[in-house]
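Peer 1: Here's my sequence, what's the structure:
(2 chains)
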Amino acid sequence: MLKKRIIPCLDIKDGRTVKGINFVNIRDAGDPVELAKAYVNQGADELVFLDITATVEKRKTLVKLVERIAKEINIPFTVGGGINNVSDVAALLQAGADKISINSSAVKRPELITEIACEFGNQCVVLAIDTKLIDGQWRVYVHGGRTPTELLTLEWAKEGEKRGAGEILLTSMENDGTKDGFAVELTKEIGKIVNIPVIASGGAGNGEHFQDIFKIADADAALAASIFHFGEVKIPELKQFLRKQNIPLR
Amino acid sequence: MIAIVKYNAGNTRSVTNTLNRLNVEPVLTDDPELLRQADKVIFPGVGEASSAMNYLRERGLDQVLKNLRQPFLGICVGMQLMCNHSEEGNCELMGIFEENVRKFPVEKGKVPHMGWNNFTSCKGKLFQGISSDEDVYFVHSYYAETGAQTVATSEYLLPFSAALHKDNFYAVQFHPEKSAGIGQKMLQNFLNIKN
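Peer 2: Just a heads-up that it's a prediction; the model follows:
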């Protein structure tokens, strides 16, 4: 049976791990490679690295970091942040990343999804969507959640799939940083309209939140950052709790 | 010498990294002579089957590979290319295994099959010391049917071949190089196979 995945997310700035609380304040939580290895040992199923300061001159630093990560860890990992074209993707995949995630660049130029999928396969394209509820409708935000767009989240997810995305990483900005739980209803709705895996992100605070996102929303994977980094939720205990709720886990 | 087949659909970096952790420095090559001389050959693959097959045929590599005598390990698309026929691009494959490759029924569930899944009834040298029901990492939209050469079965929407074996040819649908400790053990088992 296919298992549900628990995915720690590491936000990277200048080669170090950080996590923005509600995308604003930033706290330092260590060396990405060391943290990644610790997560692998704890039983993380996959890792996501988001480069939040990805600028052109920093790109080479990121590629070097990805090479180091790939040498040290033996589970799949996704790299995102500032990816604008097929050659950015080629550099990261050659460095050892398994998947890449795109967000603002895909909104700006949706063809990018197709270009990457055609060149490297759908399986390596993760469409990251940051979303916020505006006047009763979920809207897509870009630039790390700073800029609203006209796009409706449900439609964008559907279009992303059609254009070749292999997975959706859905972050609810309403929930992110609150530790009050994931956006269950939205995740459930997205899961019903697309036929690719959905990773829920934003709002995890305890084991019940993971239980809800897997059982009620039927998410394929759940992602969290600070609660893992600061040890508020530990992956082995979390998995033990979820197994008791009959959620299939590795 | 351990050779990794160099072609247009290889994800060689991860396999190389895992072999390095096992203190092996593989040689990445498409030179038929080097491939024939290698103690073992690994054939990884990510991508689209028919374009990979065309690439191999144009260079005569398909014939070189299917006539190798040393232990040979296909991974993911590498495994699929060793089968008989694929629905992906409707192409004839290398025909080392008699099983056919089909697309997962999209009307039944999400495709690709992506994530950790277990296999059952595993047998043979690759699985020595590895119990059934271990989880390994899969990512694929096409699958090899189960058949006479199936040595491990997994289930997603339907039962399919997680591993195939015939003579010196071994193949796995999942990614041992991405399957944590269990995958590393499997690669070590492959390296331990006597020629």
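
Peer 1: Past the least confident helix or strand in chain A by mean pLDDT, which element shows up next along the chain?
Peer 2: None of the helices or strands of chain A scores lower by mean pLDDT, DSSP states H and E than strand A:25-28, at a mean of 43. Later in the chain than strand A:25-28, the nearest helix or strand by DSSP states H and E is helix A:32-42.

Peer 1: Now do that following helix: everything it contacts.
Peer 2: A:8, A:10, A:12, A:15-17, A:29, A:47, A:49, A:65, A:68-69, A:72-75, A:77, A:228-229, A:234-236, B:180 (CB atoms under 8 Å, 6 or more residues apart in numbering or on different chains). No exception for glycine: its C-beta is placed from N, CA and C like everyone else's.

Peer 1: are any of these buried, and which?
Peer 2: A:8, A:10, A:12, A:15, A:17, A:29, A:47, A:49, A:65, A:68-69, A:72-75, A:77, A:228-229, A:235, B:180 (16 or more other CB atoms under 10 Å in any protein chain shown).

Peer 1: Spit out the contact partners of A:V79.
Peer 2: Going by CB under 8 Å, 6+ apart, the list of residues near A:V79 reads A:V48, A:F49, A:L50, A:D51, A:L62, A:V66, A:L92, A:A97, A:K99, A:I100, A:S101.

Peer 1: What is the longest helix along chain B packed up against?
Peer 2: What stands out as the longest helix in chain B, according to DSSP state H, is helix B:180-192. Other elements packing on helix B:180-192 under the criterion 3 or more CB pairs under 8 Å, 6 or more residues apart in numbering or on different chains; DSSP states H and E are helix B:12-21, strand B:40-43, strand B:135-140.

Peer 1: and the residue nearest to the spatial centre of chain A, what pLDDT?
Peer 2: Centroid-nearest residue in chain A: A:L169, 4.9 Å away (criterion: CA atoms, centre = their mean). Here the pLDDT value assigned to A:L169 is 98.

Peer 1: Can you name the residues bridging to it?
Peer 2: A:L169 forms beta bridges with A:A128, A:I199, as assigned by DSSP bridges.

Peer 1: do you know how far it is from A:G207?
Peer 2: From A:L169 across to A:G207, the span is 21 Å (CB to CB, to the nearest Å).

Peer 1: all helices for chain B, in order.
Peer 2: Remark: helices assigned in chain B by DSSP H are B:12-21, B:32-37, B:49-58, B:61-66, B:77-81, B:180-192.

Peer 1: residue nearest the centroid of chain B?
Peer 2: In chain B, the residue lying closest to the centroid (CA atoms, centre = their mean) is B:I75, at 2.2 Å.

Peer 1: quick one: contacts for the nearest residue to that residue once chain neighbours are set aside?
Peer 2: Of all residues not flanking B:I75 in the chain, B:P44 sits nearest, at 4.5 Å (CB to CB, 6 or more residues apart in numbering or on different chains). By CB under 8 Å, 6+ apart, the contact set of B:P44 is B:I4, B:V5, B:G10, B:N11, B:T12, B:S14, B:V15, B:I75, B:C76, B:G78, B:E177.

Peer 1: Considering the residues you listed, which member attains the minimum pLDDT?
Peer 2: The minimum pLDDT among these falls on B:G10, with 67.

Peer 1: what angle do the longest helix anywhere in chain A and helix B:12-21 make?
Peer 2: Longest helix in chain A by number of residues (criterion: DSSP H): helix A:59-72. Relative orientation of helix A:59-72 and helix B:12-21, computed by axes from the mean of the first three to the mean of the last three CA atoms, to 10 degrees: 50 degrees.

Peer 1: Next to chain B, which bits of chain A? Give me the list.
Peer 2: Taking CB under 8 Å from any CB of the partner chain, the part of chain A that reaches chain B is made up of A:1-3, A:5, A:40, A:45-46, A:70-71, A:74-76, A:93-96, A:98, A:120-124, A:166-167, A:195-197, A:220-221, A:250.

Peer 1: Can you flag the buried ones in the residues you listed?
Peer 2: Buried subset of the residues of chain A next to chain B (neighbour count, 16+ other CB under 10 Å): A:2-3, A:5, A:40, A:45-46, A:70-71, A:74-76, A:93, A:95-96, A:98, A:120-124, A:166-167, A:196-197, A:220-221, A:250.

Peer 1: Which of those fall within strands?
Peer 2: Of those, the ones assigned to strands by DSSP state E are A:R5, A:E167, A:A221.

Peer 1: Touching, the second one and A:I100? I think so.
Peer 2: No - the pair formed by A:E167 and A:I100 falls short of the contact definition of CB atoms under 8 Å, at 10.8 Å.

Peer 1: and chain B, which of its residues are near chain A?
Peer 2: Selection of chain B residues close to chain A by CB under 8 Å from any CB yields B:11, B:13-14, B:17-18, B:20-21, B:46-48, B:106, B:109-118, B:135, B:137, B:139-141, B:155-156, B:175, B:177-181, B:183-184.

Peer 1: Can you say which of these are buried?
Peer 2: By 16+ other CB under 10 Å, the residues of chain B next to chain A give B:11, B:13-14, B:17-18, B:46-48, B:110-118, B:135, B:137, B:139-141, B:156, B:175, B:177-180, B:183-184 as buried.

Peer 1: show me where pLDDT drops low in the chain?
Peer 2: Answering for chain A, as no chain was given. A:19-29, A:54-59 (pLDDT under 70).

Peer 1: not quite, I wanted chain B
Peer 2: For chain B (pLDDT under 70), the answer is B:10.

Peer 1: end-to-end on stretch B:121-138?
Peer 2: End-to-end distance of stretch B:121-138: 17 Å, with CA to CA, to the nearest Å as the criterion.

Peer 1: So what touches that stretch?
Peer 2: Residues external to stretch B:121-138 that are found in contact with it (CB under 8 Å, 6+ apart): A:3, A:75-76, A:250, B:73, B:113-120, B:151-154, B:156, B:162-163, B:165, B:170, B:172-176, B:178-180, B:182-183, B:185-186, B:189-190, B:192-193.

Peer 1: and if you look at stretch A:145-158?
Peer 2: The contact list for stretch A:145-158 (CB under 8 Å, 6+ apart) reads A:23, A:104, A:107, A:127, A:129-132, A:134, A:137-142, A:168, A:170-171, A:173, A:176, A:186, A:189-190, A:193-194.

Peer 1: which residues does the nearest residue to A:T153 once chain neighbours are set aside contact?
Peer 2: Closest residue in space to A:T153, ignoring its immediate chain neighbours: A:W138 at 3.8 Å, by CB to CB, 6+ apart. Counting by CB under 8 Å, 6+ apart, A:W138 makes contact with A:T131, A:K132, A:L152, A:T153, A:L154, A:L186.
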